[in-house]
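Asks: Model the following, please.
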Amino acid sequence: MLSETKLKALKEISVDFSRDEAVWASGFLAGLAGSSVVQELLPSAIHAETSSAKKITLTYGTETGNSKKLAVELAGIIKKKGIQVKLADLSQYKPKDLAKEDLFFIIISTQGEGEPPILAKKFYDHIHENDLNISNLKFGVLALGDSSYPLFCKTGEDIDSRFEVLGAQRILPLKKCDIDYEQEAHVWAEHILDVANKTKESSRKNTATSKISAGRKKYRGKISTIINLNDIGSDKETYHIEIETEEPLIYSPGDALGVIAFNPKEEVEEIITLTGIDPQKQIKTAKITAVAEELLYKHLNISYLLKSTVAQYAEITGQHIPEVRLSLLDLLRIYPVKNAEDFEQVLKVLTGQSPRLYSISSSLEAHGNTEIHITVTKSEFFINDKKQNGLCSSFLAEFKEGEDLEFYIQEAKHFRLPQPDKDVIMIGPGTGIAPFRSFLYERDAIGAEGRNWLFFGDRTFVSDFLYQAEIQDFLKTGTLTHLDLAFSRDTDEKIYVQHRLEQKAQEVYHWLESGASLYVCGTRDPMSKDVEKTILNIIQDKGKQSLEEARNYLEELELSGRYVKDVY
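Replies: Numbers count the residues shown, from 1 in each chain. Alright, predicted model coming up:
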């Protein structure tokens, strides 16, 4: 065993090794020792040292694309050194998030007469027009420009000086680069690595101590962002919803957010009118006591009654009603109650409003512990040939920014990421992408070494490619190793994710044989069943196995937690 002094010296000289240098050094030491033990220990020691650095955020503001191209390149270099880095476009970055940042770096160009890039102007204006509290932020700015113009790199200068005025700590001096910026930019990136490596606080240790079971704890948050992810021309509405809380959140990638939706007010008002019940009359049900109006609005299911509830309604009203499922409003219209007293009895047999669960699409590591994201498609379906809207998806889609929402976290202990060095295959068409967005952000933030392969599909590339910019950025920076897409309406013959799996059958099987975990999220029928059938075919064909052997193979993957489904 090395003495403490020698171990310290070894760590100091090896901390900046590249992966190739680490492999060479470990082999050299193993040769000296005549043992492979050193080869096994040294890389993990290096990883422990480099992973102790805090996460950094690298942002860019671009007009011609140079800043973005450079930022993507530098982010890839930094990640290869084992540093956790989040890449963000200033056109999409929310300035209020600056207060949550620790190490924050900007690459930005200057246009025309010292103007910021058009897409970054909103960010530029916000920091200059608002008195932000960013005293905990440590920053550096790389400014791109053309020295033939009189206001060379003025946008970078403005942001650098404004951050200082707002109380942020400059840890790298402003770097101004001319049109030949590549070499100086790479030197600047090396300085970022130096700063990050000197930061000894381990984000993983903090996470390990803070992530305890949340149970069914209720949180109250404020809707900070709600965006329809589908473009013009789509016949779907899929909302990206961000919720901010004052209280720290506790959740893991794979968990779900639970919401109890309120019933539409216009339906509640019509029910009260039809029945003549006093909306303020206190009524005691099996589980809650509240006034009639509140019961109908917040607590009872009135949208799609069970057949057993309809039968109880028939008994109370003394009417013959066929075995059907109807909304309470339709039931009252067709088979009205005699009086308000009868309706009081109806209220007592109605079931409580069931919570709806939505896969969390954010990561504590990447987005902080006071922000949580979900991805919600506004659902439509038919009952007795009548078009209906999904209660909770419509409820959430109608929220405005700034409104409050109560929710809880539902743990999904079965739907968990493997160890950071393990590979994952993610199959998530439509809103099935939600937990995999969380997975990618998490693995990117912690610098996971395992490879990531995503299969995503929807109707059209132009209108329905959810989180397109983010996914493409993950691909460019190497967080996403492979991306296979299937847009069913873009080709004469409909192509789905299972067809893309078939096309990559040999590599999929090789990943499984090499220890990869396989995740499926989305609709149960037919998607998940078609995907499973395809996976069985791949195992049979590429593994030279019988159907029974392939089923046993897949069952073993499932029992070991390497084949996991979240389907609905």
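Asks: all helices for the stretch 201-350 of the chain, in order.
Replies: For the stretch 201-350 of the chain, the helices defined by DSSP state H, counting those that start in this stretch cover 203-210, 265-275, 292-294, 307-317, 328-334, 340-349.
Asks: To clarify, my last question referred to the stretch 51-200 of the chain.
Replies: Ranges of helices within the stretch 51-200 of the chain are 66-80, 121-129, 154-165, 182-197, based on DSSP H, counting those that start in this stretch.
Asks: Just send those helices back as JSON lines, with mean neighbour count, distance to Pro418 and mean pLDDT too.
Replies: Any C-beta I mention is one placed from the backbone N, CA and C, and that applies to glycine too. Compiled in JSON lines, the helices of the stretch 51-200 of the chain are given as follows (neighbours: other Cβ atoms under 10 Å; distance: least, Cβ to Cβ, whole Å; pLDDT from 0 to 100):
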{"stretch": "helix 66-80", "mean neighbour count": "20", "distance to Pro418": "19", "mean pLDDT": "87"}
{"stretch": "helix 121-129", "mean neighbour count": "16", "distance to Pro418": "37", "mean pLDDT": "91"}
{"stretch": "helix 154-165", "mean neighbour count": "19", "distance to Pro418": "39", "mean pLDDT": "91"}
{"stretch": "helix 182-197", "mean neighbour count": "16", "distance to Pro418": "26", "mean pLDDT": "85"}
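Asks: Please identify which of those helices is closest to Lys544.
Replies: The closest of these to Lys544 is helix 66-80. By Cβ to Cβ, the value is 37.4 Å.
Asks: what's the closest one packed up against?
Replies: Secondary structure elements in contact with helix 66-80, counted by 3 or more Cβ pairs under 8 Å, 6 or more residues apart in numbering; DSSP states H and E, are strand 56-61, strand 85-89, strand 103-109, strand 138-144, helix 182-197, helix 468-477.
Asks: Can you tell me how far the residue lying closest to Ser488 once chain neighbours are set aside is from Pro435?
Replies: Closest residue in space to Ser488, ignoring its immediate chain neighbours: Lys494 at 4.3 Å, by Cβ to Cβ, 6 or more residues apart in numbering. Using Cβ to Cβ, to the nearest Å, one obtains 25 Å as the distance from Lys494 to Pro435.
Asks: more crowded one of these two?
Replies: In terms of neighbours (other Cβ atoms under 10 Å), Pro435 is the more surrounded of Lys494 and Pro435; the figures are 26 against 12.
Asks: Wait, a helix at that one?
Replies: Yes - the assignment for Pro435, made by DSSP: H, G, I helix; E, B strand; the rest coil, places it in a helix.
Asks: so what's it up against?
Replies: Pro435 is in contact with 253-254, 359-361, 415, 428, 519, 521, 566, counting by Cβ atoms under 8 Å, 6 or more residues apart in numbering.
Asks: Just the pLDDT at it, thanks.
Replies: With respect to pLDDT, Pro435 has a value of 97.
Asks: dump the residue contacts of the closest residue in space to it that isn't next to it in sequence.
Replies: Taking Cβ to Cβ, 6+ apart, and ignoring the residues beside it in sequence, Pro435 has Ser359 as its nearest neighbour in space, at 4.3 Å. The neighbours of Ser359, taking Cβ under 8 Å, 6+ apart as the test, are 254, 256-257, 374-375, 431, 434-435, 438, 521, 566.
Asks: low-scoring stretches of this structure, by residue?
Replies: Screening the chain residue by residue with the criterion pLDDT under 70, one finds the ranges 1-54, 199-215, 380-388.
Asks: Can you pull up the most central residue in it?
Replies: Closest to where the C-alpha atoms of the chain average out (Cα atoms, centre = their mean) is Ser361, at 2.5 Å.
Asks: Roughly how far does the residue nearest to Pro435 sit from Ile433?
Replies: For Ser359, the distance to Ile433 equals 9 Å [Cβ to Cβ].
Asks: And for Ile374?
Replies: With distances defined as Cβ to Cβ, the gap from Ile374 to Ile433 amounts to 12 Å.
Asks: so what sits against both of these two?
Replies: Taking Cβ under 8 Å, 6+ apart as the contact criterion, the common neighbours of Ile374 and Ile433 are Ser361.
Asks: And these two? Which one has more around it.
Replies: Just comparing Ile374 and Ile433: by other Cβ under 10 Å the higher neighbour count belongs to Ile433, 28 against 22.
Asks: can you pull out the strands in the stretch 451-568 of the chain?
Replies: If you assign secondary structure with DSSP state E, counting those that start in this stretch, the strands in the stretch 451-568 of the chain sit at 452-458, 482-487, 517-522, 563-567.
Asks: Pull out the CA atoms of the third one and give them to me as CSV.
Replies: Listed next in CSV are the C-alpha coordinates belonging to strand 517-522 (Å, rounded to 0.1, in the frame of the first residue of the first chain):
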residue,chain,number,x,y,z
SER,A,517,-29.9,-2.0,-20.2
LEU,A,518,-33.0,-1.7,-22.4
TYR,A,519,-35.8,0.8,-21.6
VAL,A,520,-39.2,1.2,-23.3
CYS,A,521,-41.6,4.0,-22.5
GLY,A,522,-44.9,5.0,-24.2
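Asks: still on that earlier bit, which among the strands of the stretch 451-568 of the chain is found nearest to Leu331?
Replies: Going through the strands of the stretch 451-568 of the chain one by one, with Cβ to Cβ as the measure, strand 563-567 comes closest at 31.7 Å.
Asks: now for that closest one, which elements pack on it?
Replies: In terms of contact count using 3+ Cβ pairs under 8 Å, 6+ apart, strand 563-567 is assigned the packing partners strand 517-522, helix 547-559.
Asks: most tightly surrounded among those?
Replies: Of all these, strand 517-522 carries the top mean neighbour count, a mean of 24, counting by mean count of other Cβ atoms under 10 Å.
Asks: Turn the helices of the stretch 201-350 of the chain into JSON lines, including distance to Asp180 and mean neighbour count.
Replies: Rendered in JSON lines, the data for these read as follows (distance: least, Cβ to Cβ, whole Å; neighbours: other Cβ atoms under 10 Å):
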{"stretch": "helix 203-210", "distance to Asp180": "36", "mean neighbour count": "13"}
{"stretch": "helix 265-275", "distance to Asp180": "63", "mean neighbour count": "16"}
{"stretch": "helix 292-294", "distance to Asp180": "68", "mean neighbour count": "19"}
{"stretch": "helix 307-317", "distance to Asp180": "74", "mean neighbour count": "16"}
{"stretch": "helix 328-334", "distance to Asp180": "70", "mean neighbour count": "18"}
{"stretch": "helix 340-349", "distance to Asp180": "76", "mean neighbour count": "17"}
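Asks: Count residues in the vicinity of Ile288, would you?
Replies: In terms of burial, Ile288 registers 13 neighbours under the definition other Cβ under 10 Å.
Asks: Sitting in strands, which of the contacts of Pro435 do you find?
Replies: Within these, residues falling in strands by DSSP state E are 359, 519, 521, 566.
Asks: For the first one, list each beta-bridge partner.
Replies: This means Ser359. When bridges are assigned using DSSP bridges, the partners listed for Ser359 are Ala256.
Asks: same question, the third one
Replies: The residues paired with Cys521 through beta bridges, assigned by DSSP bridges, are Asp566.
Asks: could you list every residue that touches it?
Replies: Shown in contact with Cys521 (Cβ under 8 Å, 6+ apart): 359, 426-428, 432-436, 565-567.
Asks: and the two most separated of these?
Replies: Greatest spacing in the contacts of Cys521, by Cβ to Cβ: Ile433 and Lys565 (15.0 Å).
Asks: Name the residues that touch the strand ranked longest in the chain?
Replies: Assignment by DSSP E gives strand 218-228 as the longest strand of the chain. When contacts are taken as Cβ under 8 Å, 6+ apart, the neighbours of strand 218-228 outside the stretch itself are 94, 96, 237-245, 247, 249, 371-372, 397, 399-409.
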